[in-house]
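Asker: sequence plus predicted model, see below.
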Amino acid sequence: MIDIKLIRENRELVRENIKKKFQDEKLPLVDEVYEMDIKVREAQKKADDLKADKNKKSAEIGMLMKDKKIDEANAIKEEIAAMAAEITELENTKIELDKEIKDRMMVIPNIMDPSVPVGKDDSENVEVERFGEPIVPEYEIPYHADIVASFNGLDKEAAGRTSGEGFYYLIGDIARLHEAMLACARDYMIDHGFTYAIPPFMIHSDVVTGVMSFPEMEAMMYKIEGEDLYLIGTSEHSMIGKFKDQIIKQDTLPINMTSYSPCFRKEGGSHGLEERGLYRVHQFEKQEMIVVCEPEESADWYNKMWKLTVDLFRSWDIPVRQLECCSGDLADLKVKSCDIEAWSPRQQKYFEVASCSNLGDAQARRLGIRTKGEKGTYYVHTLNNTVVATPRGLIALLENNYQSDGSVLIPKVLQPYMGGKERIEPVK
């Protein structure tokens, strides 16, 4: 949610931002908010003037009663009663208009960073840099579900019986490798100065609407029937929600935390679920990172955060690239975002394994997260980034470390989490 001052002072900037996101249907909202805001301020001024006049006249009543001017005092009482009724009407009008304004402001997209490339959808995202050499070995790399099956590591049939499509059992060395990646990612982030947390896996609706747009919520979130609770789609939701309605002490900023959680997503729409594999599923696990910081520091934190993910994946011998999200692929709350994509030697292309986002003060404004300093009380900036999400990260590791004999090499940094194993062997 943007600052309403932008609409008061620079409507053209807001309109141009909407056009760059190819959301022209939202353009009328800008003028609607502008006109309603004028009416709100007019109602507020008139109510304030009436209150001042009412207080002045109330003071006169005592003097008139003292001088036994009963009729004049009663006449003023009638005026005051009329004023009170008008003040109530003005305040009710203001409440209604404020709600209308908020409903529209929640839909108007955040102002993007000038560096964001303009494009209609994810097909126009821009590759910025590659890290590691993408290699295609001479031998064939099987489909990841077949690699996992060769280790007796996957049972989707049983998961179908217990839970339905989009769920899975990971078993044996594969399950252990999955958890090794998460544990390694956790320790890696702690070593880089992030505080570890395990957050609630369910959150209230006001937190959901504070951290994401309504269309995103509808597409992603599972609601708990009969309760004001949603299963989280990522721990960023509850981690940012942790600071809801707080004034954070300035000397504690920046706050940088890393969190583990299971994640639950509908994965509906055009992408759909992956019937055989693990790429698109309803449930997965993730190590996340979030930062709450001073506004002027968020751009630097954004670059630090995505680079941490790059370095982690490179330590697992996985080539990756950074892909800048274009305007049409940028969620409405985001100022700037990029994806980290891992190389798939089987498909001979990259696929998304992480996403880093700077949301400016959009989430803070919605959730009331502020700090107080020499320049008064103001909203902080929030950022989030995937450290690793599995099993998607697991797919990248298996493909890039797969050997011609069917075994998978364990990267050195993961070996301590695998009991010292240097490779895992398929089940004969």
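Answerer: Yep, that arrived.
Asker: pretty sure C326 sits against V128.
Answerer: No - in this structure C326 lies outside contact range of V128 using C-beta atoms under 8 Å: 11.9 Å. In short, each C-beta sits where N, CA and C put it, glycine included.
Asker: which stretches of the chain have low pLDDT?
Answerer: 62-63, 268-274 (pLDDT under 70).
Asker: mind listing the helices for it?
Answerer: Assigned by DSSP state H, the chain shows helices spanning 4-9, 11-20, 27-66, 70-105, 144-150, 156-162, 172-191, 205-211, 214-220, 236-241, 298-315, 362-367, 392-400.
Asker: before we move on, the earlier item: looking only at neighbour counts, state which of C326 and V128 leads.
Answerer: Shown here are C326 and V128; by other C-beta atoms under 10 Å, C326 has more neighbours (23 against 12).
Asker: show me the contacts for the more buried one.
Answerer: 116-122, 124-126 (C-beta atoms under 8 Å, 6 or more residues apart in numbering).
Asker: can you say which of the residues you listed are buried?
Answerer: Buried residues within those, counting neighbours by 16 or more other C-beta atoms under 10 Å: 116-117, 119, 125.
Asker: so can I have a markdown table of these showing distance to V320?
Answerer: Output for these, formatted as a markdown table (distance: C-beta to C-beta, whole Å):
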| residue | distance to V320 |
| --- | --- |
| V116 | 21 |
| P117 | 20 |
| G119 | 21 |
| N125 | 15 |
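Asker: with respect to F214, which of those residues is nearest?
Answerer: F214 lies nearest to V116 out of the buried ones among the contacts of C326, by C-beta to C-beta, at 22.2 Å.
Asker: hang on, that closest one packs against D329?
Answerer: No - counting by C-beta under 8 Å, V116 does not reach D329; the two are 9.7 Å apart.
Asker: I figured G153 was touching I174, is that so?
Answerer: Yes - proximity of G153 to I174 meets the contact threshold set by C-beta under 8 Å, at 2.7 Å.
Asker: on that earlier part again, can you redo the contacts of C326 as a markdown table with distance to S259?
Answerer: As requested, those are exported to a markdown table (distance: C-beta to C-beta, whole Å):
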| residue | distance to S259 |
| --- | --- |
| V116 | 27 |
| P117 | 30 |
| V118 | 33 |
| G119 | 31 |
| K120 | 33 |
| D121 | 30 |
| D122 | 26 |
| E124 | 32 |
| N125 | 27 |
| V126 | 29 |
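Asker: strands - which of the residues you listed land there?
Answerer: Mapping these onto strands (DSSP state E) picks out V126.
Asker: so which of the contacts of C326 is the closest to H178?
Answerer: D122 (27.0 Å).
Asker: ok, the closest one - contacts?
Answerer: By C-beta under 8 Å, 6+ apart, the residues touching D122 are 325-326, 328-329.
Asker: buried among those residues? Need that as a selection in ChimeraX.
Answerer: In ChimeraX syntax, the buried subset of the contacts of D122 is picked out as below (16+ other C-beta under 10 Å):
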select :325,326,328,329
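Asker: farthest-separated two in the contacts of D122?
Answerer: C325 and G328 (8.9 Å).
Asker: check contacts around the residue nearest to A84 when sequence neighbours are not counted.
Answerer: Closest residue to A84 apart from its sequence neighbours, by C-beta to C-beta, 6 or more residues apart in numbering: K54 at 6.8 Å. Applying C-beta under 8 Å, 6+ apart to K54 gives the contacts 80, 83-84, 87.
Asker: pull out the buried members of the residues you listed.
Answerer: Neighbour counting with 16+ other C-beta under 10 Å marks 80, 83, 87 as buried within the contacts of K54.
Asker: now do stretch 150-164: distance to the chain's middle.
Answerer: Centre-to-centre, stretch 150-164 and its host chain are 31 Å apart (C-alpha atoms, centre = their mean, to the nearest Å).
Asker: residues near the spatially closest residue to F264 that is not a sequence neighbour, how many?
Answerer: Excluding the flanking residues, the one nearest F264 by C-beta to C-beta, 6+ apart is L231, at 4.1 Å. Counted by other C-beta under 10 Å, the residues lying close to L231 total 19.
Asker: wait, doesn't L231 sit right on V208?
Answerer: No - the pair L231 / V208 is not scored as a contact, 10.2 Å apart, by C-beta under 8 Å.
Asker: now for these two: what residues contact both?
Answerer: Common neighbours of L231 and V208 (C-beta under 8 Å, 6+ apart) are M221.
Asker: on that earlier part again, could the contacts of K54 go into JSON lines alongside distance to A219?
Answerer: Shown next, in JSON lines, are these (distance: C-beta to C-beta, whole Å):
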{"residue": "I80", "distance to A219": "54"}
{"residue": "M83", "distance to A219": "50"}
{"residue": "A84", "distance to A219": "48"}
{"residue": "I87", "distance to A219": "44"}
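Asker: from the residues you listed, pick the one nearest R321.
Answerer: Checking these against R321 with C-beta to C-beta, the nearest one is I87 at 61.1 Å.
Asker: L50 is in contact with the closest one, correct?
Answerer: Yes - I87 lies in contact with L50 (C-beta under 8 Å); the separation is 5.1 Å.
Asker: OK, contacts around G368?
Answerer: 244-246.
Asker: against S337, how distant is it?
Answerer: Counting by C-beta to C-beta, to the nearest Å, the separation of G368 from S337 is 23 Å.
Asker: and what of G166?
Answerer: The spacing between G166 and S337, counted by C-beta to C-beta, is 26 Å.
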